[in-house]
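>>> With the sequence up front, the predicted model follows.
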Amino acid sequence: MVVSMMKGIVHKYNVANIDTDVIIPGPYLKIHDHKELAKHALEGLDPTFPDKVRKGDFLVTGSNFGCGSSREHAPIALSYAGVKAVLAPSFARIFYRNSIDGGYLLPIEITESTVDKISDRDEIEIDIKHNKIANLTTSEFYTMKPFPELIAKIVEAGGLMNFKI
């Protein structure tokens, strides 16, 4: 069961089309140890990312996050690096479903204007149940796109493997 309230620090990369080769470069796809894989998360964009992120932190990015190949390694690497959710205006559908189905992290859709208002290192709190985001650093509030009903149930179950019809 997923907690409906999450609090963490933002790591912002306001770049559109961050693909799975950037999230976890191809040479690391042979790694089966998820903790080892996490050491290379976002290496294609910021080689220091794994040293910055802490368990429960958030990633805020531009649109079409997770495009490219359908590798499940991308949400696994981010999750094991500590990322609890990625907030972006849109996601590649395969990254979105790999994240949800595996219960690795939450792909949360927000508007471009919300991306612009959130800064790197802001502390935010996400209320999944009410589709609200509170920026604890700036005292601003934003909305997130609600998960469709079936996706919300899979999220609540902690992934597709735990989901019971």
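Yep, it's here.
>>> CA atoms for contacts and neighbours, from now on please.
Fine.
>>> Sketch out the strands for this protein, chain order is fine.
Under the criterion DSSP state E, strands of the chain are mapped to 5-13, 57-61, 83-88, 106-109, 123-127, 132-135, 140-143.
>>> Now do the third one against strand 5-13: the angle between them, please.
With axes from the mean of the first three to the mean of the last three Cα atoms, to 10 degrees as the criterion, the two stretches strand 83-88 and strand 5-13 enclose an angle of 60 degrees.
>>> Does anything pack onto strand 83-88? Which helices or strands?
strand 57-61, strand 106-109, helix 112-117 (3 or more Cα pairs under 8 Å, 6 or more residues apart in numbering; DSSP states H and E).
>>> So for Ile31, which of the strands of the chain sits nearest?
Ile31 lies closest, by Cα to Cα, to one member of the strands of the chain: strand 83-88, at 19.0 Å.
>>> and the closest one, how far from the chain's centre?
Distance of strand 83-88 from the chain centroid (Cα atoms, centre = their mean, to the nearest Å) equals 2 Å.
>>> May I have the strands that pair with that strand, each with its orientation?
Here strand 83-88 is paired, per DSSP bridges, with strand 57-61 (parallel), strand 106-109 (parallel).
>>> Can I get the last one in PDB? Just the C-alpha atoms.
Translated: strand 106-109. Output of strand 106-109 as PDB, limited to C-alpha atoms (Å, rounded to 0.1, in the frame of the first residue of the first chain):
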ATOM      1  CA  LEU A 106       5.200   7.700  -9.200                       C
ATOM      2  CA  PRO A 107       5.000   9.600 -12.500                       C
ATOM      3  CA  ILE A 108       3.000  12.700 -11.500                       C
ATOM      4  CA  GLU A 109       1.800  15.000 -14.300                       C
END
